[in-house]
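Participant: fold the following.
(one chain, ligands or ions: 1)
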Amino acid sequence: MRKKIAAGNWKMNLDYGQAKSLLQELIQLKDQFNPETEIIICPSAPYLAVFAELLNDHKWLKLGAQNCFHENEGAFTGEISPLQLKSLELEYCIVGHSERRDRFNEDYDFLSKKTRALLAHGINPIFCCGEQLQVRDSNVYKEFVMKQIEDSLFKLRPEELAKVVIAYEPIWAIGTGKTASCEQAQEIHSLIRARISKDFGDKVANEISIIYGGSCKAENAKELFAQKDIDGGLIGGASLNANGFCEISNSF
Ligand code: PGA
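Facilitator: A predicted model of the protein is given here:
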């Protein structure tokens, strides 16, 4: 069954004290979160170990990393391995966020390696895809997004792909306050699901969660999450407010 997901991508925000305060606020709001929604937070890497300890008594709140490398160990200064994330018992890791594709030149092949490495350690990748404004305007956005997915994910085995969460995040909507309309988002989500169904069958297509990201907030989450193929959101800015994030997660 497709999971309903609200994932907070905190990006490179909040100092340690602020991050711990936000975590405590979320923990205190537990009874207000719908238990049927998978709630995930992805804070900055230096906070993960302490957060993992703090969340030991609050298993309803899942922890994810924002990035990782694909090797298990070795001379890769500054990188974090899936094995290290696994040792913290993390369940999720974002892969291929557009900010990493654009600013750190992460390409299809690299993202495919990371995805495989995470799956090998039982960590669910939150795989991001999405087009720039000029791609949308040039009207080849559907092909563009499909290629991102095919190139990085379509060599996985069906049971592996079913564990991936796909986040469709049109780049022109990220952090801009400009959300994709429900129709624009649903169009891509349903195409992704249909494409998966074609190569991997209906079972995988119906199991995989496809979430939307890009200026998703309490004001627009209900309409977005009501779409047939939108299984939740990857929330950036709006996840930095505990009450707002809680409201978004209750928008199904
Ligand atoms: P935003 O970011 O909600 O601030 O637009 C979403 C994301 O980049 O994951």
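
Participant: for the residue in the stretch 151-252 of the chain that the ligand sits nearest to, what are its contacts?
Facilitator: When C-beta to the nearest ligand atom is the measure, the stretch 151-252 of the chain has its nearest residue to the ligand at residue 236, with 2.2 Å between them. Quick note: C-beta positions are derived from backbone N, CA and C, even for glycine. By C-beta atoms under 8 Å, 6 or more residues apart in numbering, residue 236 lies in contact with 9, 11, 174-175, 213.

Participant: between those residues, which is nearest residue 1?
Facilitator: Of all those, residue 213 has the smallest distance to residue 1: 21.8 Å, by C-beta to C-beta.

Participant: the strands in the chain, which residues?
Facilitator: 4-9, 37-42, 61-65, 92-95, 124-129, 165-168, 210-213, 232-235 (DSSP state E).

Participant: need those in JSON lines with distance to residue 158, can you?
Facilitator: Supplementary listing: the strands of the chain in JSON lines, determined by distance: least, C-beta to C-beta, whole Å:
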{"stretch": "strand 4-9", "distance to residue 158": "20"}
{"stretch": "strand 37-42", "distance to residue 158": "21"}
{"stretch": "strand 61-65", "distance to residue 158": "23"}
{"stretch": "strand 92-95", "distance to residue 158": "19"}
{"stretch": "strand 124-129", "distance to residue 158": "15"}
{"stretch": "strand 165-168", "distance to residue 158": "14"}
{"stretch": "strand 210-213", "distance to residue 158": "16"}
{"stretch": "strand 232-235", "distance to residue 158": "22"}
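
Participant: who in the chain is up against the ligand?
Facilitator: The chain comes close to the ligand at residues 9, 169, 174-175, 213-216, 234-238, as judged by C-beta under 6 Å from any ligand atom.

Participant: middle-most residue in the chain, spatially?
Facilitator: residue 126 (3.9 Å; C-alpha atoms, centre = their mean).

Participant: and residue 182, how close does it get to residue 229?
Facilitator: Computed with C-beta to C-beta, to the nearest Å, the distance linking residue 182 and residue 229 is 11 Å.

Participant: do you know the pLDDT at residue 251?
Facilitator: Looking at residue 251, its pLDDT is 97.
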